[in-house]
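# Turn this into a structure:
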Amino acid sequence: MKLVPVAIITCAILSAQAYAINVNGEEKEQDSQLTTAFVQKQVEQSMSIGRAIKSIISHYPRDAITVVSTALDLYPENYKEIIHAAISAEPALTGEVVTLAIEKGISSCSSIVETAINAEPSYVDFIVRAAAYATPDELGEIVRIAVETEPDSADNIVHTLTKAHPNEMVEIIKTAISTVPFVGEYVVDALLAAYPDEAEQVVTTALIESAREQESVRRILVTAMNAGVSPEDLMIYAKNAGANEEQLAFIASQ
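Numbering: from 1, shown residues only. Predicted coordinates for the structure are as follows:
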């Protein structure tokens with residue numbers, strides 16, 4: 001059987017949509033039916049939902065969200081492949097794809113976030129921002145899975161989320177560092193640059209969460225000093241965080 005090129009099928013569908021009659025919701029219903037038939041046809045031809053999504057989006061990126069929405073409705077069990085394919089084909093739509101998937105409730109927020117980050121790590125800021133906006137009650141889990149999946153971007157993740165949820169700064173710092181202890185210095189560096197007036201809260205929280213990691217504590221102290229925190233203030237923060245004598249002596253020697 002001869003396969004019909006994706007561009008020809010898409011043009012036919014878009015033309016049909018343009019002439020649909022808008023009477024009592026008929027246009028919306030017809031659009032939905034056409035998109036459903038189109039996605040199903042492409043999956044049958046491609047033998048892969050991911051390949052089909054990439055092909056459609058690469059040809060008609062403006063219809064990407066509609067197609068992704070339809071695909072998630074038709075094949076919810078393949079949500080990881082759909083999300084990965086959509087983001088890989090059109091990274092600029094990362095935030096919208098994440099929001100759409102979460103709103104449809106096809107899986108847990110953490111699984112969707114992890115899938116999206118693996119698809120496009122450089123868009124982690126957009127991913128966590130979209131996820132936190134869609135499900136603010138899962139902020140802690142979003143921080144955990146994001147830092148765990150992409151630890152090299154922990155500073156950006158924490159900065160993005162504290163900017164969106166400033167009242168949750170302490171919990172965000174705690175979750176990030178407890179998940180991946182070595183990111184403490186980077187988190188502190190990013191937050192002190194953005195919120196110098198919050199130095200006590202940032203440094204004290206980071207030191208408490210890193211207490212069992214001596215090298216991490218030392219790096220946080222050095223980072224704080226390099227960011228402009230005075231030895232006197234740092235000594236106070238360290239004592240409040242329960243620093244040991246060795247750590248206090250290190251501050252005094254600076």
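
# Can you list the buried residues in stretch 153-163?
Within stretch 153-163, the residues that qualify as buried are S153, A154, D155, N156, I157, V158, H159, T160, L161, T162, counting by 16 or more other Cβ atoms under 10 Å. C-beta here means a position set from N, CA and C on the backbone, and glycine is covered the same way.

# Just the closest of those to D137, please.
L161 (13.7 Å; Cβ to Cβ).

# And the pLDDT for the closest one?
pLDDT for L161: 97.

# what's around the residue nearest to it when sequence neighbours are not counted, how many residues?
Residue nearest to L161 in three dimensions, not counting chain neighbours: I172, with 5.3 Å by Cβ to Cβ, 6 or more residues apart in numbering. Residues near I172, counting by other Cβ atoms under 10 Å, number 27.

# my guess is I172 contacts P166, does it?
No: in this structure I172 lies outside contact range of P166 using Cβ atoms under 8 Å: 9.6 Å.

# From the chain's centroid, how far away is stretch 228-245?
33 Å (Cα atoms, centre = their mean, to the nearest Å).

# avg pLDDT for it?
The model assigns stretch 228-245 a mean pLDDT of 94.

# May I see the buried residues of it?
V229, L234, M235, Y237, A238, A241, A243.

# show me where the stretch 151-254 of the chain has helices.
154-164, 169-179, 184-194, 199-209, 214-226, 231-240, 245-252 (DSSP state H, counting those that start in this stretch).

# Those: which one's closest to N78?
Taking the helices of the stretch 151-254 of the chain one by one with Cβ to Cβ, helix 154-164 is closest: 27.2 Å.

# And V68, how close does it get to D197?
Distance from V68 to D197, counting by Cβ to Cβ, to the nearest Å: 42 Å.

# any low-confidence regions in this protein?
For the chain, the stretches with pLDDT under 70 are 1-34.

# before we move on, back to that, farthest-apart pair in the buried residues of stretch 153-163, please.
S153 and T162 (14.2 Å).

# so the residue nearest to V128 when sequence neighbours are not counted is in which element?
Distances taken as Cβ to Cβ, 6+ apart place A146 nearest to V128, at 5.0 Å, with adjacent residues excluded. Per DSSP states H and E: A146 is located in helix 139-149.

# Can you point out the buried residues in that helix?
L139, E141, I142, V143, R144, I145, A146, V147, T149.

# So which of those residues is the closest to Y79?
Among these, and counting by Cβ to Cβ, the member closest to Y79 is I145, at 15.6 Å.

# So T66 sits against T36, correct?
No: using Cβ under 8 Å, T66 makes no contact with T36, being 10.5 Å away.

# So for those two, which residue has more residues nearby?
T66 (17 against 14).

# State the distance from the more buried one to D73.
For T66, the distance to D73 - Cβ to Cβ - is 11 Å.

# which residues touch the residue nearest the centre of the chain?
In the chain, the C-alpha nearest the mean C-alpha coordinate belongs to I127, at 2.5 Å (Cα atoms, centre = their mean). Residues counted as contacts of I127 (Cβ atoms under 8 Å, 6 or more residues apart in numbering) are T94, G95, V98, V113, A116, I117, E120, A146.

# are any of the residues you listed buried, and which?
T94, G95, V98, V113, A116, I117, E120, A146.

# tell me the contacts of the fifth one?
Meaning A116. A116 touches I83, I87, T94, V97, V98, A101, Y123, I127, counting by Cβ under 8 Å, 6+ apart.
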